[in-house]
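Visitor: Got a predicted model here, sequence first, then my questions.
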Amino acid sequence: MVGLFSHGFLAGYAVWNMVVVYVLAGKNLTATSDLLAQYHALAYPAQSLSYLLLAISTVAAFDRVNLAKGSVALRELVTLDPMALASFLYFVALVLSLSQQMTSDRINLYQENNTSLWSPGKESEILHPWVTVNLVVAVLVGLAWLFISTRPETDYTEGYLMSMEIEPARPEYKTEMTA
């Protein structure tokens, strides 16, 4: 249930984050210095929440794929099963999000008079790929959420855990040797 909640919350959060970034960046991403000045305080909390939700959602999505049988899981991915596709999309989104950590760190450390991290006039060269990758992450997360929402009841891990049998403890055999 936590996973299902995190899927929806992550999809909404990703869209909200992109709206904030695009509003702060201005038309055609021309106000990158304004984006840096306003967004730098949000950079670490935004990335931390994004990583947390992406990790939970990725694990929860992989719980919906029959990973106990590798050939079945691969067949589901090849045949574009919604659960397998959602798992793949979440994983790609997580990797892409992690690839932008250095830029997020630079955004968090932004100060107007600090030219060691942000050369004047070079902000857009660094921020354009960051904004683009974050937009791709938001689209991937939104698509994965749509796929998950088609079959929210599918969860193989819970079924496997509930069906496991606990074997009774075996009696220990003591052999005594007399000399």
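Guide: Great, that's in hand. Numbering: from 1, shown residues only.

Visitor: how near is the residue nearest to the spatial centre of the chain to V15?
Guide: For the chain, the residue lying nearest the average C-alpha position, counting by C-alpha atoms, centre = their mean, turns out to be L54 (2.4 Å). Separation of L54 from V15 (C-beta to C-beta, to the nearest Å): 14 Å. To be clear about C-beta, it is placed using only N, CA and C from the backbone, and glycine gets the same treatment.

Visitor: try V92
Guide: Noted for V92: a distance of 18 Å to V15, by C-beta to C-beta.

Visitor: how about the nearest residue to S87, chain neighbours excluded?
Guide: Once flanking residues are discounted, S87 sits nearest to A61: 4.2 Å by C-beta to C-beta, 6 or more residues apart in numbering.

Visitor: ok, now which ones touch the one you found?
Guide: Contact analysis of A61 by C-beta atoms under 8 Å, 6 or more residues apart in numbering lists G3, H7, M83, A86, S87, Y90, A144, I148.

Visitor: Next step: these restricted to helices.
Guide: G3, H7, M83, A86, S87, Y90, A144, I148 (DSSP state H).

Visitor: Let me have those residues in JSON lines, adding pLDDT, neighbour count and distance to Y39 as columns.
Guide: Output for the ones in helices among the contacts of A61, formatted as JSON lines (pLDDT from 0 to 100; neighbours: other C-beta atoms under 10 Å; distance: C-beta to C-beta, whole Å):
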{"residue": "G3", "pLDDT": "71", "neighbour count": "19", "distance to Y39": "29"}
{"residue": "H7", "pLDDT": "86", "neighbour count": "25", "distance to Y39": "25"}
{"residue": "M83", "pLDDT": "85", "neighbour count": "24", "distance to Y39": "34"}
{"residue": "A86", "pLDDT": "88", "neighbour count": "29", "distance to Y39": "29"}
{"residue": "S87", "pLDDT": "88", "neighbour count": "27", "distance to Y39": "30"}
{"residue": "Y90", "pLDDT": "92", "neighbour count": "28", "distance to Y39": "25"}
{"residue": "A144", "pLDDT": "92", "neighbour count": "27", "distance to Y39": "25"}
{"residue": "I148", "pLDDT": "87", "neighbour count": "26", "distance to Y39": "29"}
